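Enquirer: Give me a 3D structure for the following:
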Amino acid sequence: MNRVLFCLLAVAIPALAQTPAPFEVEEATIAQVHAAFKAGQLTCHGLVDLYLKRIAAYDKNGPAINAIVLLNPDAGKEADELDRRYAQSGLTGPLHCVPMIVKDNFETKGLRTTNGALALASYIPAQDAFEVKRVKEAGAIVLAKSNMAEWAFSPYETVSSILPGYTHNPYALDRVTAGSSGGTAAAIAASFGLVGLGSDTGNSIRGPSSHQSLVGIRSTMGLTSRAGVMPLSLLADIAGPIARTVEDAEKVFQVIVGEDPNDPVTAAAPKHLPQNYAASLDRNGLRGKTIGVLRPAYERESADPEVVRIFLAAVDEMRRAGATIVDPAPVEGLAAIERPRGSGACMGFKYDINHYLASRAGAVPVANLTAIIASNGFHPSAQRRLEQAERGPENGPETPACQAETAYREKVRQAVNQTMDKLKLDAFVYPTWSNPPRLIGDLNSPAGDNSQFYSPTTGFPAINVPMGFSRGGTLPAGMTIYGRAWSEAELIKIAYAYEQATLHRHPPASTPPLR
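Expert: This next block holds a predicted model:
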C-alpha cells in the first residue's frame, strides 16, 4: 500500500471511530439523555429540536396522533439557557433538560391553560401549578400542553373543544387513548417528550397509561399537591407522572412529592418524607413479596377473555420473579359497607370548579359553572354533564352529604387495611382495564375500566405498569398495583421488578424513528 495513503488512513480511522452516532430520541430515558450530555453527544437545544421534529412529523401530519394543543414558543430559549448553565457547572437538577408534556388542566405560567374548553381559551396563568413549578426547579422544560377529555369528564376517550378531533392511540389509530389524560399518554407513547404530567380522579393517569403501554403513578391522597390543577373532584383528584419506564416515572415522582400550603390535604406529607424512591429500583424487588389478586375489581361477564389471560400470565410472571401469590384476595366486608344515597354528591365538580374560578376572579374569562354553560364554549359531549352538575347542590365539606361520604370512605379504608393485614399482603393486583381500547366513537361496547373505585375511594396509591398486548400484539394492556396509604416505595419496587423481569413495552409502529 502507498505509504502516504496508509498514514492518512491511520489518522482518519480513529477520528471516524470517535464521531458519536446521532442520538436516537425514540424511547429515550432520562438517564440516557443525561449520559449523552456528559458524552458530548447531545445538547439540550438539540434534544428539544429532536422532539419538535417528531411532533411536526406525527402529531398533525402522518398518523395525526392529535395529542398536542400548544407548543411552548420559548422552549428553545430555555434549552439554550440550560446548555449555558450545563457548560458552567453540569446538570442543573435531576430533571435537567427533560422536555415534558403537560396536560392542559395544569396551570403553566405564560402558556394558555384551558381544561380542554373554549370557555377558558383566553386564560393565561400568571404562575405555575405546584408540580409544574417543582419540575421546572429540577431542570425540566415544559415542551407542550396536551389534549385531554374536556373538564376531565371522560375516562373513555380524549376529545375537547379546544382542539378539533379526537386524540388517537399511537398503537392503533382507530382506537381511543382512554381519558382524561389521553393526550399526555399518547404523546409520551409516541416519544413527543421524555415524560409527562397527568391528573387522575377515577382513572385518568392509570387508564391512559394502560391503553398506551406506559407507567402511571397515582399517589396517596396528600403526598402530592393539586394546587394549580383545574379540579374535577378534590375528594379524589391526584396529579402525577406518566412515563415509558418505571425509573423515569420515579424520577419525576421524587421531585413532585411534598407539602404545599396551597393544598391543605398535603399537610400530612412531611410525616412520610423524605423518601429515596430510587432505592426501590431493585430488579429483585418481587422476591419475598406477597401479592393478592383482587378478582372483584375486574371479574364481570363483559371482561375480555384475552385480557384476562394476559393478566393471569402476568400474575404467573410475578410468581416466577419471587412473589407469593394469594388468589383470590377479595376485600373482606366490602359488600356490607353501604354507600350514602339520597343527599347528593359531596362537593364534586360544581363546588370545586366554582371555588377554583372564584379564586382566580379577574384572570379567568368565566366566573362560575353558570357562566361556562352560558358561554357555549364546550364540546357537545360535555353539555349534559355540565347541566347535570349545575342542577345539583354544591354540598360543601360541612354538609351531611360530605360527612356521610367521609364516614363511608373511612370504612372502605379500614376494610382494605384489615384484609391486607390478615393476608399479609404487600399489594393487590388487577388488570387496569378488562377490555382492549375501544374504537374511536364507540360508546356501546364494554369499556372495562377497573380504576374508579379502590384507589379513588380510599385515597391509597396505585401504579399502572404494562403487562402485554392483546389482538396479536397490537393493543396494550396494563396491570394495576395497589397498596396501603404511603406505600409508594413498596409499589414502585414491585412495579420496577415486574417491568425489568418482563420488558413488555415496545414503541408504537405508527411513529417510528425519523431518518
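Enquirer: so what pLDDT did the closest residue to Leu194 other than its chain neighbours get?
Expert: Of all residues not flanking Leu194 in the chain, Val98 sits nearest, at 4.8 Å (C-beta to C-beta, 6 or more residues apart in numbering). Every C-beta, even on glycine, is put in place using the N, C-alpha and C of the backbone. As predicted, Val98 sits at a pLDDT of 99.
Enquirer: My guess is Val98 contacts Ala31. True?
Expert: No: if you go by C-beta atoms under 8 Å, Val98 and Ala31 don't touch, sitting 10.9 Å apart.
Enquirer: Which of these two has more residues huddled nearby?
Expert: Val98 (26 against 12; other C-beta atoms under 10 Å).
Enquirer: Contacts only, for that one.
Expert: Applying C-beta atoms under 8 Å, 6 or more residues apart in numbering to Val98 gives the contacts 30, 33, 135, 138-141, 194-195.
Enquirer: switch to 6 Å and redo it
Expert: By C-beta atoms under 6 Å, 6 or more residues apart in numbering, Val98 lies in contact with 30, 140, 194.
Enquirer: before we move on, what about Cys346?
Expert: Counted by C-beta under 6 Å, 6+ apart, Cys346 has contacts 395, 401-402, 405.
Enquirer: would a markdown table of these with pLDDT and secondary structure be doable?
Expert: Putting those into a markdown table (pLDDT from 0 to 100; DSSP: H, G, I helix; E, B strand; the rest coil) gives the following:
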| residue | pLDDT | secondary structure |
| --- | --- | --- |
| Asn395 | 92 | coil |
| Ala401 | 93 | helix |
| Cys402 | 94 | helix |
| Glu405 | 95 | helix |
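Enquirer: Between these, which sits nearest Ile291?
Expert: Ile291 lies nearest to Glu405 out of these, by C-beta to C-beta, at 30.1 Å.
Enquirer: Who are the contact partners of the closest one?
Expert: 340, 346.
Enquirer: Equivalent analysis for Ala227, please.
Expert: Counting by C-beta under 6 Å, 6+ apart, Ala227 touches 130, 260, 262-263.
Enquirer: after the helix-or-strand element of the chain with minimal mean pLDDT, next one along is what?
Expert: In the chain, the helix or strand scored least confidently by mean pLDDT, DSSP states H and E is helix 3-17, which has a mean of 48. Following helix 3-17 in sequence order, the next helix or strand is helix 30-38 (DSSP states H and E).
Enquirer: what helix or strand does the closest residue to Ser302 other than its chain neighbours sit in?
Expert: Spatially, and ignoring its direct neighbours in sequence, Ser302 is nearest to Pro446 (3.6 Å; C-beta to C-beta, 6+ apart). Under the assignment given by DSSP H and E, Pro446 is not contained in any helix or strand.
Enquirer: for Ala415, same thing?
Expert: Using DSSP H and E, Ala415 falls in helix 400-423.
Enquirer: Glu27 touches Pro507, doesn't it?
Expert: Yes: counting by C-beta atoms under 6 Å, Glu27 does reach Pro507; the two are 5.3 Å apart.
Enquirer: These two: which is more packed in?
Expert: Pro507 (17 against 14).
Enquirer: what sits against the more buried one?
Expert: Glu27.
Enquirer: circling back to that earlier point, specify the next element, helix or strand, located C-terminal of the helix holding Ala415.
Expert: strand 427-431.
Enquirer: Can you list the strands that that following strand pairs with?
Expert: Strand pairing for strand 427-431, determined by DSSP bridges: strand 290-293 (parallel), strand 475-482 (antiparallel).
Enquirer: Mind putting these into a markdown table with mean pLDDT, mean neighbour count and distance to Ala185?
Expert: As requested, these are exported to a markdown table (pLDDT from 0 to 100; neighbours: other C-beta atoms under 10 Å; distance: least, C-beta to C-beta, whole Å):
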| stretch | mean pLDDT | mean neighbour count | distance to Ala185 |
| --- | --- | --- | --- |
| strand 290-293 | 98 | 21 | 25 |
| strand 475-482 | 98 | 27 | 10 |
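Enquirer: Of those, which is nearest Glu306?
Expert: Of all the strands paired with strand 427-431, strand 475-482 comes closest under C-beta to C-beta, at 8.6 Å.
Enquirer: ok, back up a step: are any of the contacts of Ala227 buried, and which?
Expert: Buried members of the contacts of Ala227, counted by 16 or more other C-beta atoms under 10 Å: 130, 260, 263.
Enquirer: Dump those to JSON lines, plus distance to Asn147 and secondary structure.
Expert: Listed next are those as JSON lines, based on distance: C-beta to C-beta, whole Å; DSSP: H, G, I helix; E, B strand; the rest coil:
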{"residue": "Phe130", "distance to Asn147": "22", "secondary structure": "helix"}
{"residue": "Asp260", "distance to Asn147": "26", "secondary structure": "coil"}
{"residue": "Asp263", "distance to Asn147": "25", "secondary structure": "coil"}
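Enquirer: Distance to Ala361 for the strands paired with strand 427-431 - can I get that in CSV?
Expert: As requested, the strands paired with strand 427-431 are arranged in CSV below (distance: least, C-beta to C-beta, whole Å):
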stretch, distance to Ala361
strand 290-293, 48
strand 475-482, 39
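Enquirer: which one of these lies closest to Met347?
Expert: strand 475-482 (24.0 Å).
Enquirer: gap between the closest one and the chain center?
Expert: How far strand 475-482 lies from its chain's middle: 13 Å, per C-alpha atoms, centre = their mean, to the nearest Å.
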